[in-house]
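1. this one's sequence-less:
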């Protein structure tokens, strides 16, 4: 089992973690802790290419500015896997699932996940049926 190689620093009295994808230190919030662990897992265990990640980018939905946590593109540059990260104390419920589904209406990824670092809900979108089905684990990158 690979060990993480997270790097930490303190800036203005706040603990920060080095984001290996964005190449900078970020304040270590509970959500950032979850995001860094998921990125690590996807790269180290699932062999997702680092170059296909997009983190914390904005999107517009019904004229509202929203922000997704993790988006992995496929080899053609199209949305493949959307992940929403929550703090460990946040319960994953229908409202959280619906939030990610709303984001995905704009993004159009085939797979989605919601994680609080303890529990994960993974979904696959069926474009023909315009519906989601729950799957057991994060998708393999092909």
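-> Thanks, I have it. Please read these numbers as outputs of a predicted model, since none were measured by experiment. Numbering: from 1, shown residues only.
2. Could you look up the SS state of residue 26?
-> strand (DSSP: H, G, I helix; E, B strand; the rest coil).
3. Could you check how far it is from residue 123?
-> 27 Å (Cβ to Cβ, to the nearest Å). For the C-beta atoms, the positions are set from N, CA and C on the backbone; glycine is no exception.
4. So which of those two has more stuff around it?
-> More crowded of residue 26 and residue 123, by other Cβ atoms under 10 Å: residue 123, with 21 against 17.
5. For the closest residue to residue 47 other than its chain neighbours, give me its contacts.
-> If the residues on either side of it in the chain are set aside, residue 47 comes closest to residue 141, at 6.2 Å by Cβ to Cβ, 6 or more residues apart in numbering. Applying Cβ atoms under 8 Å, 6 or more residues apart in numbering, we find residue 141 in contact with 42, 46-49, 72, 80-81.
6. Highest neighbour count among the residues you listed?
-> Busiest of these [other Cβ under 10 Å] is residue 72, holding 25 neighbours.
7. measure that residue to residue 52 for me?
-> 6 Å.
8. Now the common contact residues for the two.
-> Joint contacts of residue 72 and residue 52 (Cβ under 8 Å, 6+ apart) are residue 80.
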